[in-house]
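In: pasted the sequence and its predicted model underneath.
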Amino acid sequence: MPQLVPVVLTDRAPTPADHTFNPRDVSNGIVTLAESTGVPLAERRITLSQVRSASGRVRVTMKLAIPVVQDVIVNGVTRPTLVRTNYCDVTFNYDGTSSADERDDVVAFVNGLTEAANTMMSKYLVDLEGLF
């Protein structure tokens, strides 16, 4: 079983920046990592969980929550205000008899679907264009 460690993810900005999500909590089988900004409302979060069914199936879920916060001045007081939150939920469902190689292929395929070089998927997922 691997130890819970910080996860570093790189964004797709013109000048890419690394974002470090540090372990925050493990509760009821759900692992939380967060990129602290000093303002809890603005923290970017990753949650991870695994559920095993009686039949041996394993459901692995990764969730990403990216809040957008803006400073608002009310009566001369500046306070951060949540404008919106963007979410991503990725769920892998593996048969109890699947091999590590099969699971590795599924993860590789999902990674390939989200690479910037995959123009069709990038236009679909980022630019929100339809497919024909």
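Out: Received it, and whenever you're ready, just let me know what you need.
In: so residue 85 sits in a strand?
Out: Yes - the secondary structure assignment for residue 85 places it in a strand, going by DSSP: H, G, I helix; E, B strand; the rest coil.
In: quick check, pLDDT for residue 37.
Out: At residue 37 the predicted local confidence, pLDDT, stands at 85.
In: tell me the domain ranges of the chain?
Out: Domain segmentation of the chain under automatic domain parsing yields 7-98, 99-132.
In: strands of this structure, start to end?
Out: Applying DSSP state E to the chain gives strands spanning 7-10, 18-27, 30-35, 44-52, 58-74, 77-94.
In: now do the buried residues in the fourth one.
Out: The one in question is strand 44-52. If you call a residue buried by 16 or more other Cβ atoms under 10 Å, then strand 44-52 has these buried ones: 44, 45, 46, 47, 48. Backbone N, C-alpha and C define where each C-beta goes, glycine included.
In: of all the strands of the chain, which one is nearest residue 107?
Out: When those are compared for distance to residue 107 using Cβ to Cβ, the nearest one is strand 77-94, at 7.4 Å.
In: returning to that earlier point: just the strands of the chain: most buried one?
Out: Counting by mean count of other Cβ atoms under 10 Å, strand 30-35 has the highest mean neighbour count of those, with a mean of 18.
In: packing partners for that strand?
Out: Where contact means 3 or more Cβ pairs under 8 Å, 6 or more residues apart in numbering; DSSP states H and E, strand 30-35 is packed against strand 18-27, strand 44-52.
In: parallel or antiparallel, which strands does it pair with?
Out: Sheet pairing of strand 30-35 (DSSP bridges) gives strand 18-27 (antiparallel), strand 44-52 (antiparallel).
In: got the angle for that strand vs strand 58-74?
Out: 40 degrees (axes from the mean of the first three to the mean of the last three Cα atoms, to 10 degrees).
In: quick one on the thing from earlier: got JSON lines for the domains of the chain, with distance to residue 1 too?
Out: Output for these, formatted as JSON lines (distance: least, Cβ to Cβ, whole Å):
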{"stretch": "domain 7-98", "distance to residue 1": "11"}
{"stretch": "domain 99-132", "distance to residue 1": "15"}
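In: so how far is the lowest-mean-pLDDT helix or strand in the chain off the chain centroid?
Out: Across the helices and strands of the chain, the lowest-confidence element by mean pLDDT, DSSP states H and E is helix 119-125, at a mean of 92. Averaging C-alpha coordinates over helix 119-125 and over its chain gives two centres that are 18 Å apart (Cα atoms, centre = their mean, to the nearest Å).
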